[in-house]
Structures are given as structure tokens and as C-alpha cells.
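[1] I would like to see how this sequence folds:
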Amino acid sequence: MNNTRIGNKEAIALLVTITFNLIILNVTKSIINLTSSASLLNILYISIIVICYTCLICYFLKKFPTFDIIDISDYLGGNILKWIIGIAYIIYFVFWSGILLHLFSSFLQIIYFPMSKPFYIILIFLISAVLSCSMKHNAIYRSIFIFFPFLIVSTLILFLADIPYYEVEKIYPIFGNGLFTTFISGLANIFAFQTLAYIYFMPPILKKPEDIKKVSVTAIILSAIFLLLSVSTILFMFSGFVETDELLPLYSATKYVKFGSFFRKPDSIYLLIWIIAFMSYLGITLKFSTNILKKITHFKSANFLSFLIAICIFCVSLWPKNYAISTYYSNIVYKYSFFTLVIGISFIVLLFATIKKAIRRWLSRAKTH
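    Numbering: from 1, shown residues only. As a prediction, the model looks like this:
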């Protein structure tokens with residue numbers, strides 16, 4: 001994508017941060033609504049599938065060292081396919097980061113700034129994202145890596161501190177709404193692993209591209225653990241809450257965390273951590289989108305492209321009229337676009353590019369003999 005390179009640990013932190021933001025925003029709610037008491041079983045099931053899928057796409061990516069999905073598209077179908085895939089991913093990243101930005105900003109407005117408009121909150125987030133992208137020397141990747149332990153510790157504390165309020169019997173019936181819902185319809189919950197979309201762009205920015213499988217699988221496993229802990233917290237604590245409450249389920253869980261009489265309301269600290277995490281997600285998405293646009297247009301000024309994409313994200317974030325519309329798009333439409341582009345089209349591109357390379361290699365060997 002560009003000349004920047006990051007280590008394996010930084011890459012893992014980057015990928016897990018992507019999934020974490022989806023967890024705190026809406027994915028836990030969507031999973032429990034679909035699979036009910038079988039949510040934990042469903043997460044284990046889809047995690048195994050996603051790990052296998054990740055190994056498969058990493059196998060294909062290793063055939064093209066230092067290539068991302070845009071480079072591979074160029075190899076397979078020339079400049080036309082390169083533009084199609086590039087524009088598709090830019091639209092995907094811009095649209096969904098805009099929707100999630102509206103979702104999170106609306107939540108902050110409802111909780112802390114009822115007299116303010118989401119417009120100003122959205123603007124602050126985008127300004128921070130643009131500034132982080134303009135910094136050189138991998139500043140955004142290093143800052144995410146430094147902040148990553150806070151995500152791990154805060155999630156573990158939330159899970160453990162709420163144990164006294166758990167009703168473990170809510171795991172029954174084990175198969176929830178039935179085997180079909182848990183194992184067939186429940187496959188739709190794979191969209192929780194949004195990390196997959198970013199894995200396609202990781203090889204060019206890794207110091208060791210040959211470690212793409214190690215990095216990706218580790219990130220998926222950590223994401224699955226985050227998802228399992230978060231869904232467990234909500235499932236065991238609340239009954240009927242997920243379907244009716246409009247606020248972030250995990251935020252309500254933080255209100256039960258207490259550390260003696262001195263420190264009784266850590267929900268503000270959790271919200272601060274989540275705000276920083278969302279800024280990181282927005283910065284990553286903006287940087288990836290900028291690099292894609294720069295690659296397909298060969299435009300030299302990354303800062304200008306970053307600003308241009310930020311404007312697009314800003315426009316998308318102002319599109320939904322209310323919180324409910326943002327929730328609908330993030331829960332329903334998000335899934336279809338994810339499976340179409342990330343799971344479907346991208347996999348086909350990798351598969352046919354690998355076949356093309358194998359055929360070329362076979363033909364070159366045949367000529368030598």
C-alpha cells in the first residue's frame with residue numbers, strides 16, 4: 001500500500017481493534033437477537049469457520065508476497081478489475097465507517113450531550129482521524145499498539161466484575177431457537193469478524209509478509225475471545241433487554257461494575273476507552289481507504305485524498321435521520337455487503353488469481369522442457 005511497515009504485534013492490535021469496535025457498538029445485540037441462548041455456542045461454531053477461512057485466504061495471499069487484494073486484482077484482470085475492487089472497498093469502508101460513526105455519535109449525544117447535535121461530535125471524530133492519518137512514521141499503528149492492553153484489561157474486568165449478577169441458566173436451552181437457527185441461520189453472525197476485510201490489505205504493510213497467517217489467525221482468535229466474553233456478559237445479565245433497549249448493551253453492563261465504596265461508577269472510564277478505540281478504528285479505516293485510492297489513482301498527495309475521503313465519511317454519517325436507522329443499516333445491510341464483497345467477491349479474486357499463477361508457472365515449465 002505504501003512504504004510503511006509494522007511488526008506482527010502492531011498488526012494484531014490493529015486487526016483486533018477493528019472487531020472490538022463492532023462489538024461495543026452493535027454486534028452483540030445482533031447475535032443474541034438471532035441465536036438467543038445458543039449465542040455462545042454459535043460464536044464458538046462461527047469462530048472455527050472463520051479461522052479455517054482465514055487460513056485459506058492467507059494461503060492464497062502467500063502466493064503473492066507483499067500484494068494486497070488491489071494488486072492481486074490488477075494481476076488477475078488488469079486495471080479495470082483493479083479499479084472495480086478498489087472502488088468497491090472504498091465505498092464499503094467509507095459507507096460503513098460513516099454509519100458506525102453516526103451510531104456512536106448518537107449514543108454519546110443521548111447519554112452525555114442531549115442538548116448538542118451529533119454533527120459536532122461527528123466532526124470531532126473525523127478531525128482526529130484526519131490528524132492521525134497525516135502523522136508519519138506509523139504513529140497511528142504504534143498508538144493503537146500502546147492502547148491495546150487497555151482494551152484487553154477493561155474487557156476482562158467487565159466480564160469478571162459482573163459475575164455476581166450473572167444468571168448462568170440463561171444459557172438454556174443450549175440450542176436456543178433450534179439447530180437450524182444456531183448452525184445455519186447463525187452463519188450470518190460471521191459478519192462480526194469485520195477484521196477479515198482488513199486482512200486482505202495487510203501483506204504490504206507487514207515487516208514480515210510471510211507471517212500473514214500467524215498474524216491473522218491470532219487476531220481472529222483474540223477477536224473471538226473478546227466476542228465470547230462480551231456476549232456472555234450481556235446474555236447472563238439481561239433478560240429481554242437486548243431486543244428493547246436502544247443503547248449499547250455493554251454500556252449498561254458497565255454500570256454494575258463496582259470497586260468498593262471509593263470507586264463506584266467506572267462507566268465513564270469505559271466510555272473514554274471506547275471513544276479512543278473508535279477513534280483508532282476511524283483512523284485505520286481512513287488510512288486504508290486513502291491508500292487504496294492512492295494506489296488506483298496514482299495521486300501523490302495522501303493528505304488531500306485523506307481529506308476527501310473524510311468528507312465522504314462525514315456526508316454518510318449525516319445521512320441517517322436517527323439512531324434506529326443507523327442500527328438497521330449496521331445490523332441488516334452491513335451483513336449483505338460483508339458477505340458479498342469480503343467473503344464472496346474477494347475470495348473469488350484470490351482463487352482465480354492463484355489458478356492463473358499456477359497455470360502460468362506450469363506453462364513456463366512446459367516450455368523449458
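
[2] low-confidence bits of the protein, can you list those?
    Within the chain, the ranges that satisfy pLDDT under 70 run 1-4, 137, 239-247, 259-264, 323, 369.

[3] do you have the strands of the stretch 151-300 of the chain handy? List them.
    Taking DSSP state E, counting those that start in this stretch as the criterion, the stretch 151-300 of the chain contains no strands.

[4] that one: helices as residue ranges?
    179-183, 195-199, 212-237, 241-244, 249-254, 267-297 (DSSP state H, counting those that start in this stretch).

[5] can you put these in TSV and add mean neighbour count?
    C-beta: built from backbone N, CA, C; applies to glycine. Below are the helices of the stretch 151-300 of the chain laid out as TSV (neighbours: other C-beta atoms under 10 Å):
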stretch	mean neighbour count
helix 179-183	15
helix 195-199	24
helix 212-237	21
helix 241-244	13
helix 249-254	20
helix 267-297	21
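
[6] distance to Ala161 added to those helices, as JSON lines?
    JSON lines is the format used below for the helices of the stretch 151-300 of the chain (distance: least, C-beta to C-beta, whole Å):
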{"stretch": "helix 179-183", "distance to Ala161": "29"}
{"stretch": "helix 195-199", "distance to Ala161": "27"}
{"stretch": "helix 212-237", "distance to Ala161": "10"}
{"stretch": "helix 241-244", "distance to Ala161": "18"}
{"stretch": "helix 249-254", "distance to Ala161": "9"}
{"stretch": "helix 267-297", "distance to Ala161": "11"}
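
[7] which among the ones you listed is found nearest to Tyr172?
    Minimum separation from Tyr172 across the helices of the stretch 151-300 of the chain (C-beta to C-beta) falls at helix 212-237, 11.3 Å.

[8] distance check, Ile84 against Leu101.
    26 Å (C-beta to C-beta, to the nearest Å).

[9] these two: who's more crowded?
    Neighbours were tallied for Ile84 and for Leu101 using other C-beta atoms under 10 Å; the higher tally belongs to Leu101 (26 against 15).

[10] report the separation between the closest residue to the more buried one other than its chain neighbours and Ser73.
    The spatial neighbour of Leu101 that comes closest, neighbours along the chain excluded (C-beta to C-beta, 6 or more residues apart in numbering), is Ser317 at 4.3 Å. Ser317 sits 28 Å away from Ser73, going by C-beta to C-beta.

[11] and the angle from the helix or strand hosting Gly77 to helix 267-297?
    When elements are defined using DSSP states H and E, Gly77 is found to belong to helix 69-111. With axes from the mean of the first three to the mean of the last three C-alpha atoms, to 10 degrees as the basis, helix 69-111 and helix 267-297 are set at 150 degrees to each other.

[12] re earlier: the residue nearest to Leu101 is in contact with Ile99, isn't it?
    Yes. Contact status for Ser317 versus Ile99: in contact at 7.3 Å, counting by C-beta atoms under 8 Å.

[13] between the two, who's got more neighbours?
    Ser317 (28 against 25).

[14] skipping its backbone neighbours, what lies nearest Ser154 in space?
    Ile273 (5.2 Å).

[15] was I right about the one you found contacting Val153?
    No. In this structure, Ile273 is not within contact of Val153 by C-beta under 8 Å, at 9.3 Å.

[16] for the nearest residue to Phe107 once chain neighbours are set aside, grab the count of nearby residues.
    In space, not counting the residues next to it along the chain, Phe107 is nearest to Leu248; the distance is 5.8 Å by C-beta to C-beta, 6+ apart. Here the count is done by other C-beta under 10 Å, and Leu248 has 23 residues near it.

[17] same deal with Ile163?
    If we define neighbours as other C-beta under 10 Å, then Ile163 has 12 of them.

[18] nearest spatial neighbour of Asp74, skipping sequence neighbours?
    Lys82 (4.0 Å).

[19] also Val168?
    Distance criterion C-beta to C-beta, 6+ apart; nearest residue to Val168, sequence neighbours excluded, is Phe236 at 6.1 Å.

[20] about what we covered before: do you know how far the residue nearest to Phe107 is from Gln109?
    Leu248 is 13 Å from Gln109, by C-beta to C-beta.

[21] on contacts alone, who are the packing partners of the helix or strand Thr327 falls within?
    Taking DSSP H and E as the criterion, Thr327 maps to helix 323-328. When contacts are defined as 3 or more C-beta pairs under 8 Å, 6 or more residues apart in numbering; DSSP states H and E, helix 323-328 sits against helix 69-111.
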